[in-house]
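A.B. asks: How does the following fold in three dimensions:
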Amino acid sequence: MNSFADLIASRREWIEQALKPWCRVAALKDLKRAELEWEDIAGKVDPKATLWTWAWGRFPSIVHEGLAGVDETHAVRVTLKSGQAHLGYPDNRKSDAGRLVLLSTESTGPGRVAEIGPISIDDIAQIERAGS
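C.D. replies: Numbers count the residues shown, from 1 in each chain. Sure thing, here's the model as predicted:
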């Protein structure tokens, strides 16, 4: 590396080629360990906007480019590794540290909302937009 610009380019490449892909496959316990050292690993950036958003990126239908955390704008069907499925809207405020909370209107009656979760990222097999 001959210049500061080269250093910056190298850092960006490492984030795109190593850090983001690692977040998309890492186990919850490893993600939590990384969060404790996140400033040393990723710099002075918000872990919710980076670490946890990248981790949820393993399920593309639940993240939106440029927004931190999980996307609340669409109902999703969450299928667990056990085969159990849940339908609801992600609650970004309550979903933290690799645990997803859904707000469901299924079988709760008119105008009533039930909270599902928190569901560990490790227990989720698939997330897809409802109706897909």
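
A.B. asks: Beyond the lengthiest helix in the chain, next helix or strand please.
C.D. replies: Longest helix of the chain, by residue count under DSSP state H: helix 4-14. Using DSSP states H and E, the helix or strand that follows helix 4-14 in sequence is helix 20-25.

A.B. asks: Using CSV, write out every CA atom in the longest helix of the chain.
C.D. replies: This file holds the C-alpha atoms of helix 4-14, laid out as CSV (Å, rounded to 0.1, in the frame of the first residue of the first chain):
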residue,chain,number,x,y,z
PHE,A,4,-3.9,6.5,2.4
ALA,A,5,-6.4,5.9,-0.5
ASP,A,6,-5.0,2.4,-0.9
LEU,A,7,-5.5,1.8,2.8
ILE,A,8,-9.1,2.9,2.7
ALA,A,9,-9.8,0.7,-0.4
SER,A,10,-8.2,-2.3,1.4
ARG,A,11,-10.4,-1.7,4.5
ARG,A,12,-13.6,-1.4,2.4
GLU,A,13,-12.6,-4.6,0.5
TRP,A,14,-12.1,-6.5,3.8
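
A.B. asks: and that helix, average pLDDT?
C.D. replies: Confidence over helix 4-14 (mean pLDDT, whole number) is 89.

A.B. asks: Report the distance from that helix to the chain centre.
C.D. replies: In this view, helix 4-14 has its centroid 26 Å away from the chain centroid, taken as C-alpha atoms, centre = their mean, to the nearest Å.

A.B. asks: how about the helices in this structure?
C.D. replies: Using DSSP H, the helices found in the chain span residues 4-14, 20-25, 28-36, 38-42, 53-56.

A.B. asks: Packed most tightly, which of those would that be?
C.D. replies: Stretch with highest mean neighbour count among those: helix 53-56 (a mean of 24; mean count of other C-beta atoms under 10 Å). (Each C-beta comes from the backbone N, C-alpha and C, glycine too.)

A.B. asks: What is that helix packed up against?
C.D. replies: With contacts taken as 3 or more C-beta pairs under 8 Å, 6 or more residues apart in numbering; DSSP states H and E, helix 53-56 sits against helix 20-25.

A.B. asks: Show me the residue at the heart of this structure, geometrically.
C.D. replies: Nearest to the mean C-alpha position of the chain, by C-alpha atoms, centre = their mean, lies Trp56 at 2.2 Å.
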